[in-house]
Structures are given as structure tokens and as C-alpha cells.
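# Output the structure for:
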Amino acid sequence: MKTVEEVRNDIPLTKKCIYADNGATTPVPVPVINVMNEYFLEYCTNVERGTYSIARYASEKWNEARRNTSKILLNCEPEEFIFTKNLTEAANMVAYALEHPLLNDGKEQKPIVEWGKGDRIVSTIMEHHSNFMMWLRLAKHLNLGFSFVKPTNDCSLLPELFDIDESTKFVAFQHVSNAVGTIHSVREIIKTIKEKNPDCLVFVDGSQGPGHMPVDVKKMGCDFYGFSGHKGPLGPQGTGGLYVKKELIEKMEPMLLGGGIISDVSVNGYRLADTYSKRFDAGTPNIPGLIGLGKAAEYVNEIGLGNIEKREKKLGRILLDGLSKMKDVEVYGSDDDRGTITFNIKGWRSHDISLALDEKNILTRAGHHCCIPLMKFLGIHEKYGGNVRVSFHYYNTEEEVKKIIDAIWELL
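You can find the predicted model right below:
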């Protein structure tokens, strides 16, 4: 287990400021940077192509990264895990496959979902735009119904809120809210959805999950789970992953075609790679970044994912308790322990609060957090321009939280 101080020593930024914008992007630890530098300096070649020694080594490190990332962060098999550049790409990959049947060996295969008249897609009003826009577009393209779930007053998504019937073919919702910090009962929600309609497919936006807490997609029961590597896992930007249940990944049509994903090509057609997860690696991928993601998965595993979750919740509770004593502060989300807290101060625009905190070397995020429908639902989009978000990770300290509380008091 790595101590807080050890992790802080691996992240030089922690010596310069109070960094509390981990819900958007986390700093990358030096050991992760080192393995990416090693790639550039020692074996900078393409993967899955060359036969010479360092090319083979690059492919070995690439495959090792897929194994580490899939097992540590999601507890799934490498064959069920697609490398992506972020959650946005992961969701768009799924949306594309739901609209386009697989073409392989010159033949169009049976589609993942046989859409019919009256079918519909369900999402929620809490979603980040990257887990909302593509499903809305898919519904428009295929003339499907599109409905959304409204949360409880404390911004919780509960199983009974999901109106599922035989016409519901696909549901997309979040694991953790990036806009208010609520951690949803994902397993219970999926169980309820599947009980109402066993054929309904479920996509989970895990952007605020892996790296912040243990995640087990098998126990969760989802069909798809996507995430970005530059948030909880402490990985580099431009990395991420997508879990797809085995019986679905073999039916998925790749969004991109090109070198590296085929076993044969003729003038009449092509045959895709036999390893399903590698059908989505067209062209030269972000090799150093994804090798870095594999190392980042090892890094958070050394800390202990349960330890990260426990510490984030502890820090969040300290901040929640502090804010609860402030008369003119509005806090959003449930009162449950969580690592992301959002708030507003009456009479202030959210961006102005964040700028004032920045003057005290406290870095937070303000605005709509790419969740405009939720901000409008909460009635804070026009009033405050969104809200202020403080999001923690393992390396944040109790002293930093107290400084944040003191700084907010000074603004009242």
C-alpha cells in the first residue's frame, strides 16, 4: 500500500497548489510518466506489426497494458476490453454498433438489436453530454422513442424510477455523477431493469468510477461499461476503455476500419481479426498513452482501490460538514459520503467563486460540467451558471480540505 505522502511525492503539482479538480482530470504520477518516456526512448515502434525484437517487445507491453487495465480496473477479460481514447469515444462506439450491423467476410451479420416500431431508448437527465447526445442522435436516426429518468430531490437514481417495458431496448446511465457527486446503486438498478426486460441492454458511464473505487462489471451485470483513463485511474489524457459482454463484442461493428484489425483483405471484402477486442485498434493507436494507462492501473492497485474510495469519502465528509454550517451556501446531491461535492454561494456566480478560490491557490471547477439538462432541472443554470465542484483523490489531505473550508468562509 502506498501512503498519501508517497503518492504526493510522485505528483509534483501537489507541492504547488491545492488541486481539487480530479473529476475533470487528475495529475499523472511520475512512475506513469516514466513508462511512457521509456517507450519513446527504448522501443518506439508500432504494435502488432513488426517482427524485430523491440517491435515484439512493444506488442508485449501493449498486451500487458490491456490485461492490467481490464483486470484491475473493471475485473473483466482482455478479450472483452476495448482500448479507447476516453468515455466519449467508448459511448460513440456502442452507439455506432447499435445502428450498423457487423460486416465481416463480405457478409452482413445479424444486428445487436433488431429495432422495431415503438422501440425506445432510456437515459437520465443527470447524464454528462458524452452519455446523452449519441443516444439522442441514435433515437432520431432510427425513429425510436427517447425518454429520460428524473432523479430524486437529492439527485439519486433509484431502481423504481426506471420505467422499463418490452419496448425498452437500451438504457444508458451513470455510475457516479460528475455534476453533484452522487454514487448510484448501479447493481440494483441493472437488476431491476433486467427483471423487467431481460433483453434490454445497459450501458454504464463509469467516468467517475474506476480508480476512485473498486469496480466489478461482472457483479454489476451491465452489458457495456466505459471510462476515461485521465480521471480516477491517474492515467494520461487520450486514454480510456470499454467493457463489452462477450456475446455482444463478437457482434459489434467497428466504428473505424484500417490497418491492424484484419486477418485478410480481398477486392471483394475483408475478414476482421479473430481477437474481438483488437478489432477496434484500427490505425496506429496511442501506444505510449495506453501503456501508461496500464501502469496507472498498477499504480492505483498498489494504493488499493478500496483505500482510495475510503479516503475520498472521508475528505468529502469533512467538506460536507463544513459547508453545512454556512448559511448562504447551497449544497447539491445526497448527504452520503462521496469524494465529489458541489455547491453555490447565494449572490455569487459559480465561476466567480472558482476564480476567487484560485486566487488562494485552490483549484476547483465551476459551470455546468457538461450536464446542462441537470443544471436546468436543478434551477441553477441561469441563476448561478452551474455550480462549483470540489473533487478529491487519494493524495488530497485533511489540511487541504480545511483550507478550502476556511477560504469559502472568507467569501461569505
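
# How is the protein partitioned into domains?
Domains of the chain are assigned by automatic domain parsing as 4-20+304-411, 33-301.

# Distance from the chain centre to the shortest one, please.
With CA atoms, centre = their mean, to the nearest Å as the basis, domain 4-20+304-411 stands 19 Å off its chain's centre.

# Quote the end-to-end distance of it.
Start and end residues of domain 4-20+304-411 are separated by 30 Å (CA to CA, to the nearest Å).

# And stretch 258-268, by the same measure?
By CA to CA, one end of stretch 258-268 lies 16 Å from the other end.

# same thing with stretch 329-344?
Stretch 329-344 has an end-to-end distance of 6 Å (CA to CA).

# Which elements pack onto the helix or strand encompassing Asp406?
Using DSSP states H and E, Asp406 falls within helix 398-411. Where contact means 3 or more CB pairs under 8 Å, 6 or more residues apart in numbering; DSSP states H and E, helix 398-411 is packed against strand 18-19, helix 305-323, helix 350-358, strand 362-363. Yep, even glycine has a C-beta here, placed from its N, CA and C like the rest.

# just the angle between it and helix 305-323, please?
Helix 398-411 runs at 30 degrees relative to helix 305-323, counting by axes from the mean of the first three to the mean of the last three CA atoms, to 10 degrees.

# For helix 398-411, buried residues please.
400-401, 403-405, 407-408, 411 (16 or more other CB atoms under 10 Å).

# can you check stretch 167-180 too?
Quick answer for stretch 167-180 (16+ other CB under 10 Å): 168-180.

# chain center to that stretch: distance?
Using CA atoms, centre = their mean, the offset of stretch 167-180 from its chain centre is 12 Å.

# Just the CA atoms from that stretch would do, formatted as CSV, please.
C-alpha atoms of stretch 167-180 as CSV (Å, rounded to 0.1, in the frame of the first residue of the first chain):
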residue,chain,number,x,y,z
SER,A,167,-40.3,-1.7,-25.9
THR,A,168,-37.2,-0.5,-23.9
LYS,A,169,-34.3,-1.9,-25.9
PHE,A,170,-31.4,0.1,-24.4
VAL,A,171,-30.7,2.1,-21.2
ALA,A,172,-27.7,4.4,-20.6
PHE,A,173,-26.9,5.9,-17.2
GLN,A,174,-24.0,7.0,-15.0
HIS,A,175,-22.2,5.2,-12.2
VAL,A,176,-21.3,8.4,-10.4
SER,A,177,-22.5,11.9,-11.1
ASN,A,178,-19.7,14.3,-12.2
ALA,A,179,-22.0,17.2,-11.5
VAL,A,180,-23.2,16.5,-7.9
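
# quick one on the thing from earlier: the buried residues of helix 398-411: which two are farthest apart?
Glu400 and Leu411 (17.1 Å; CB to CB).

# Which parts of the stretch 51-200 of the chain are helices?
With DSSP state H, counting those that start in this stretch, the ranges of helices along the stretch 51-200 of the chain come out as 53-68, 87-99, 133-142, 186-196.

# where does the chain have its least confident helix or strand?
strand 107-108 (a mean of 91; mean pLDDT, DSSP states H and E).

# Tell me which strands that strand pairs with, and in which orientation.
Under the criterion DSSP bridges, strand 107-108 sits next to strand 103-104 (antiparallel) in its sheet.

# Leu142: how many residues sit nearby?
14 (other CB atoms under 10 Å).

# Would you mind measuring from it to Tyr225?
23 Å (CB to CB, to the nearest Å).

# Over to Leu98?
To Tyr225, Leu98 is 16 Å away according to CB to CB.

# Can you pick out the residue with more neighbours from these two?
A direct count of neighbours by other CB under 10 Å for Leu98 and Tyr225 places Tyr225 higher, at 29 against 24.

# how many degrees apart are the helix or strand hosting the more buried one and helix 87-99 in direction?
Using DSSP H and E, Tyr225 maps to strand 224-228. Strand 224-228 and helix 87-99 are oriented at 150 degrees to each other (the same axes, to 10 degrees).

# So which elements touch strand 224-228?
helix 87-99, strand 201-205, strand 240-244.

# Recalculate using a threshold of 10 Å.
For strand 224-228, the packing partners by 3 or more CB pairs under 10 Å, 6 or more residues apart in numbering; DSSP states H and E come out as strand 81-84, helix 87-99, strand 168-174, strand 201-205, strand 240-244.

# Contacts for the next helix or strand after the last one, please.
Read in the C-terminal direction, the helix or strand following strand 240-244 is helix 246-249, with elements assigned using DSSP H and E. Taking contacts as CB atoms under 10 Å, 6 or more residues apart in numbering, the residues outside helix 246-249 that touch it are 76-77, 79-82, 94, 97, 112-113, 201, 223-224, 242-243, 276-277, 279-280.

# go again using 6 Å as the cut-off
Under the contact criterion CB atoms under 6 Å, 6 or more residues apart in numbering, helix 246-249 has outside partners 80, 223, 276.

# Equivalent analysis for stretch 304-322, please.
With contact meaning CB under 6 Å, 6+ apart, stretch 304-322 is reached by 1, 213-214, 337-339, 341, 392, 394, 396, 401, 405.
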